[in-house]
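S.K.: Everything below, folded, please.
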Amino acid sequence: AAAPAPVPADIKTQRAAIEKKVGAKAWAAAEKLTDPVDLSTDPTAGVQFKAFGTLSAQEVNALTPEMQFNVPTIGCENQLDKRPNGAIDAINSKVVACQSGAKMYLDVAKVIGTDIDTATPQLDQQQGQWVVSLDFTGPGQAKWTALTREAFQPAANDTCVAAAQALSTGATHCLVAVVLDKTVISAPEIQGVLTGQSQITGQFDATSAKELADQIKYGALPVTFEPAATQSVSATLGKQQLEAGLLAAAIGMGLVAIYSFFYYRLLGTVIFLSLILSGLLTFGALVVLGRATGFTLTLAGIAGFIVSLGVAADSFVIYFERLKDEIHEGRSARSAVPRAWARARRTIISANTITIMAAVVLYIVSIGAVKGFAFALGLSTILDLVVVFLFRHPIMTMFANTKAFMSPRVSGLGRALKRAPTDVKEA
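M.R.: This next block holds a predicted model:
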């Protein structure tokens, strides 16, 4: 016989702690068990193992499969079924799993999920009953045939037959357990050596047959989930990072405002007021979302809002440059404003729509921090459109009726206004 696998040091440490918890006498008695304790013949036989019933699922997971199976006070619902994910994934080890609250001691896995090609629910025309049909891959079929041959020969494994009879009245052959995660989802009795397509029969209807087929089929997918990255930060560090992000947003907005006043002068007031209004709307939206859905502002979200400043600045540039073009063509500032708005509006809407669509796609396909960035970018872009239509254009119309707006130095349209008469004369 092959030597047993060495026990990891951390498991040894856990078992030592468990032995101390349950008591040396109970531990020694559990180690000597070779078969499950039969409480039906002696109800008091489980008294000495009472302390094992107080173990957590994590602690039970550290025990040997023989202890898990033989000790009567170790149960399924609160212990075995709640073991950590992957507790019985080792295919070369004997394990204990549960089916409908009953413990089952399972041999090493001789056919695994990837050996199954497909599982489908079918209505057996001869029997008039629903069955689950199994098809195996080439190598998987050979493994399945060998397993069914072993299970169908009672003399080859008397212990297996005895266990099968205990779980299924009248069974004369071994059961083959179908295990998903930590649960036995089916344990059919093998009725022959199966060399081709096989069927699981039972009291199935269309729904239950499809459910079992789906569990087998999708459980056969070789998929594992591993965390790509995990980072924990203290409350103090998180606060510092949040403050740094907000400071960066304030600096970005300040630089946009300074440039706007330098290049557009009076029109910079429109930009500054628009950014302030957009910021207030964004803050209000965050407050509402926080109270209604528990939304939390993250560093990625702040980055999304900072990027949106560039989107907002683009719409200003488009509008104001269109306005300059209209004035270059000889129109007065008063008549140039509505014409510039009509020409710039479509471009602004198109640009913002593309940004919103990109944010939606990024939100759908991403996870974690990237999703927060996409949400913030999409929200702020939508609010920018609101400000454009409900504030920026109306206030520009109002400025067009003021004398200050007509002053080249004050308006920020200086060169355009000065060149306008020349353009008219040449035309």
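S.K.: and the longest helix anywhere in the chain, what's its mean pLDDT?
M.R.: Scanning the chain for the longest helix, with DSSP state H as the assignment, gives helix 333-365. Helix 333-365 shows a mean pLDDT of 84.
S.K.: For that helix, which helices and strands make contact with it?
M.R.: helix 299-328, helix 368-387, helix 393-399 (3 or more Cβ pairs under 8 Å, 6 or more residues apart in numbering; DSSP states H and E). Placement of C-beta: from N, CA and C, glycine included.
S.K.: For the last one, which outside residues touch it?
M.R.: I take that to be helix 393-399. Leu266, Leu267, Val270, Leu273, Tyr319, Leu323, Val337, Pro338, Trp341, Phe405, Ser411 (Cβ atoms under 8 Å, 6 or more residues apart in numbering).
S.K.: Give the rounded mean pLDDT of it.
M.R.: Mean predicted lDDT for helix 393-399 stands at 78.
S.K.: what comes up buried for it?
M.R.: His393, Met396, Phe399 (16 or more other Cβ atoms under 10 Å).
S.K.: Ok, the longest one next?
M.R.: Across helix 299-328, burial judged by 16+ other Cβ under 10 Å covers 299-309, 311-316, 318-320, 322-328.
S.K.: ok, now which ones touch Ile200?
M.R.: Contact partners of Ile200, counting by Cβ under 8 Å, 6+ apart, are Val131, Val132, Leu134, Val178, Ser186, Pro188, Leu212.
S.K.: Distance check, Val386 against Ala285.
M.R.: Going from Val386 to Ala285 by Cβ to Cβ, to the nearest Å gives 10 Å.
S.K.: same for the helix or strand Ala30 falls within, what does it pack against?
M.R.: Per DSSP states H and E: Ala30 is located in helix 24-32. Counting contacts by 3+ Cβ pairs under 8 Å, 6+ apart, helix 24-32 packs against helix 9-22, helix 65-70.
S.K.: Next secondary structure after that helix?
M.R.: helix 57-61.
S.K.: Report the lowest-confidence entry in the contacts of helix 393-399.
M.R.: Minimum pLDDT across the contacts of helix 393-399 is recorded for Ser411, with 58.
S.K.: what about Ser366, how many neighbours?
M.R.: Neighbourhood size, Ser366 [other Cβ atoms under 10 Å]: 14.
S.K.: wouldn't it be in contact with Phe375 here?
M.R.: No. Using Cβ atoms under 8 Å, Ser366 is not in contact with Phe375, being 9.9 Å away.
S.K.: Neighbours of Tyr363, how many?
M.R.: Every residue meeting other Cβ under 10 Å relative to Tyr363 is counted, giving 18.
S.K.: what sits against it?
M.R.: Tyr363 sits next to Lys371, Ala374, Phe375, Gly378 when contact means Cβ under 8 Å, 6+ apart.
S.K.: Looking at the second one now. What's its pLDDT?
M.R.: Same thing as Ala374. Value for Ala374, per-residue pLDDT: 82.
S.K.: wait, doesn't it sit right on Val307?
M.R.: No. Look at Ala374 against Val307 with Cβ under 8 Å: they stay out of range, at 10.5 Å.
S.K.: that older thread, relative to Leu255, which of the helices and strands packed on helix 333-365 is closest?
M.R.: helix 299-328 (9.1 Å; Cβ to Cβ).
S.K.: Give me the packing partners of that closest one, helices and strands only.
M.R.: Counting contacts by 3+ Cβ pairs under 8 Å, 6+ apart, helix 299-328 is packed against helix 235-264, helix 266-293, helix 333-365, helix 368-387, helix 414-426.
S.K.: how does it look with 6 Å?
M.R.: Judged by 3 or more Cβ pairs under 6 Å, 6 or more residues apart in numbering; DSSP states H and E, helix 299-328 is in contact with helix 235-264, helix 333-365, helix 368-387, helix 414-426.
S.K.: what's the most buried one of the ones you listed?
M.R.: Burial of these is given as mean neighbour count (mean count of other Cβ atoms under 10 Å); helix 368-387 ranks first at a mean of 20.
S.K.: who touches that one?
M.R.: With Cβ atoms under 6 Å, 6 or more residues apart in numbering as the test, helix 368-387 has contacts from 274, 277-278, 281-282, 298, 300-301, 303-305, 307-308, 311-312, 352, 355-356, 359, 362-363.
S.K.: re the thing from before, quick check: of the buried residues of helix 393-399, which lies closest to Gly192?
M.R.: For the buried residues of helix 393-399, the minimum distance to Gly192 (Cβ to Cβ) is 81.4 Å, reached by His393.
S.K.: thinking again about what came up before, what's the spacing between the helix holding Ala30 and its chain's center?
M.R.: 43 Å (Cα atoms, centre = their mean, to the nearest Å).
S.K.: Show me what counts as buried in it.
M.R.: By neighbour count on 16+ other Cβ under 10 Å, the buried set for helix 24-32 is Ala26, Trp27, Ala30.
S.K.: what about Asp135, which helix or strand?
M.R.: In this structure, Asp135 sits in strand 129-136 according to DSSP H and E.
S.K.: pLDDT of that strand, averaged?
M.R.: Averaged over strand 129-136, pLDDT sits at 92.
S.K.: Work out the sheet partners of it and label each with its direction, please.
M.R.: Partner strands for strand 129-136, per DSSP bridges, with pairing direction: strand 116-124 (antiparallel), strand 198-200 (antiparallel).
S.K.: just checking, what packs against the helix or strand following it?
M.R.: Per DSSP H and E, the first helix or strand lying C-terminal to strand 129-136 is helix 138-152. Applying 3+ Cβ pairs under 6 Å, 6+ apart, one finds that helix 138-152 contacts no other helix or strand.
S.K.: can we see that at 8 Å?
M.R.: Helix 138-152 packs on strand 129-136, going by 3+ Cβ pairs under 8 Å, 6+ apart.
S.K.: Quick check: buried residues in the strand it packs on?
M.R.: Gln129, Trp130, Val131, Val132, Ser133, Leu134, Phe136.
S.K.: How far away from the center of its chain is stretch 389-398?
M.R.: Its chain's C-alpha centre and that of stretch 389-398 lie 43 Å apart, by Cα atoms, centre = their mean.
S.K.: again, but for stretch 76-93
M.R.: Relative to the chain's own centre, stretch 76-93 is displaced by 23 Å; criterion: Cα atoms, centre = their mean.
S.K.: buried stuff in that stretch?
M.R.: Across stretch 76-93, burial judged by 16+ other Cβ under 10 Å covers Cys76, Gln79, Leu80, Arg83, Ala87, Ile88.
S.K.: again, but for stretch 62-70
M.R.: In stretch 62-70, counting by 16+ other Cβ under 10 Å, buried: Ala62, Leu63, Thr64, Glu66, Met67, Gln68, Phe69, Asn70.
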